[in-house]
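*Asks:* got a structure for you, letters missing:
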Ligand code: SF4
């Protein structure tokens, strides 16, 4: 195997946007981007990414490419006797080896990611998104993707992009069969879905066929159970479709994971948003409810609505009160997760059993002074920031220097205005 010919190896397309539980999954793109792409708050596909379906041949070719790269890593001793993080250091050399053998015949432009053409004033987070939307991925990305998956145990697979339920069951069955034959250690397959697709486009028989083929879970971005909020943000789905689609998924034997977005109703619809979302959750009893607090991205229609005065953002405390109402009103058995950097509080637990514990976390926050809330928010956001970036950029370090005391940061003497600005700045750089 060490003499394996690497000259014919190619990268494969990776799903950038995926649930946090799929961060270390092997991914394959069955469609590209989002055909709806009209949700006001959503920045993800707003930088010119165009929706397309991929043919079965294209997807099969990607699966073969992933398998060949995985085999090459093993042939070069990566992962032997077991995969370690140090193996990442060997990937650039491996990618170079493949590129060197191809350079004579393939134009340079095809060997590297195309440089993204972005407006100069683009939000850095949107630029980050855009840098990943790449229909010509690099070999190094593909190798790192495989290594990350191997390091995590090699058991999970996510199939993207935004709505896997638009695929015909026969297509999904063929893809799942192909993937399983090449990567037999895989145990869990998941997709994103839209509730309207599950409710209107897919029959129960279709969904049962998908489950029988090996699909395990569908992640739905419900965002809200309020029809007013859904209409305002142009979600293109109703609360009735949320309920019907999710119940159908459960009836087909698939796990149902939903995302909801505290703050999405703005100050005006905060209470309605909480109440109606609890109503929908109670009707569905999803396996998981994941919190993603609203972050308003620049260059989105929601930011325009904010500037035009059509939307009034909820202050942090109001978002927490909204969550308090939501958690108080959920009667269904479900699991709540706060697995996003956008959230202020760590609210993880089973409902209704853990309700009192979760409400205590909320009340402890609500009981502290305005000043302490600011300091709490600063530390919570900073901790998420350090988790994502591993350190402080120069500008933030400069602002924080007067408050750094050895290993910790003491903000007790920081003026309110500076604290508020710091919180805003950090939040504006976090990836939700
Ligand atoms: S359906 Fe999902 S990916 Fe598409 S625009 Fe709405 S939030 Fe974004």
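*Replies:* Cool, the structure landed. Computed from a predicted structure; not experimentally measured.
*Asks:* what's the burial count for the nearest residue to residue 283 once chain neighbours are set aside?
*Replies:* Using CB to CB, 6 or more residues apart in numbering and skipping the chain neighbours, the partner closest in space to residue 283 is residue 243 (4.7 Å). Where C-beta positions appear, they are placed from N, C-alpha and C, glycine not excepted. Per other CB atoms under 10 Å, the neighbour tally for residue 243 reads 20.
*Asks:* list the contacts for the residue nearest to residue 85 when sequence neighbours are not counted?
*Replies:* The shortest distance from residue 85 to any residue that is not its chain neighbour, by CB to CB, 6+ apart, is 6.9 Å, and that residue is residue 151. Shown in contact with residue 151 (CB atoms under 8 Å, 6 or more residues apart in numbering): 24, 83, 84, 85, 87.
*Asks:* what of residue 157?
*Replies:* The neighbourhood of residue 157, defined by CB under 8 Å, 6+ apart, consists of 25, 26, 27, 28, 179, 183, 186, 188, 189, 190.
*Asks:* distance of residue 326 from the ligand?
*Replies:* Remark: distance between residue 326 and the ligand (CB to the nearest ligand atom, to the nearest Å) = 20 Å.
*Asks:* which residue, other than its chain neighbours, is closest to that residue?
*Replies:* Nearest in space to residue 326, with sequence neighbours left out and distances taken as CB to CB, 6+ apart, is residue 274 at 4.5 Å.
*Asks:* just give me the neighbour total for the closest residue to the ligand within the stretch 101-250 of the chain.
*Replies:* Of all residues in the stretch 101-250 of the chain, residue 162 sits closest to the ligand, with a separation of 4.3 Å (CB to the nearest ligand atom). Residue 162 sits with 23 neighbouring residues when counted by other CB under 10 Å.
*Asks:* wait, isn't it in contact with residue 32?
*Replies:* No: contact between residue 162 and residue 32 fails when scored by CB atoms under 8 Å: they sit 9.2 Å apart.
*Asks:* could you chop the chain up by domain?
*Replies:* Annotated domains of the chain cover 20-367, 370-429 [automatic domain parsing].
*Asks:* average pLDDT across stretch 69-82?
*Replies:* Looking at stretch 69-82 alone, the average pLDDT works out to 90.
*Asks:* ok, stretch 10-28 next?
*Replies:* Stretch 10-28 shows a mean pLDDT of 93.
*Asks:* name the residues of that stretch that are buried.
*Replies:* Along stretch 10-28, the positions that meet the burial threshold by neighbour count (16 or more other CB atoms under 10 Å) are 10-19, 21-22, 24-28.
*Asks:* out of these, name the ones that lie in strands.
*Replies:* Counting by DSSP state E, the part of these found in strands is 26, 27, 28.
*Asks:* nearest to the ligand among those residues?
*Replies:* Using CB to the nearest ligand atom, residue 27 comes nearest to the ligand of those, at 15.5 Å.
*Asks:* so what's that closest one bridging to?
*Replies:* With DSSP bridges applied, the residues forming beta bridges to residue 27 are residue 158.
*Asks:* so that it lines up with my notes, have the first residue be 11 from now on.
*Replies:* Done: numbering now begins at 11, and the last item shifts to residue 37.
*Asks:* correct me if wrong: it contacts residue 28.
*Replies:* Yes: counting by CB under 8 Å, residue 28 is a contact partner of residue 37 at 6.3 Å.
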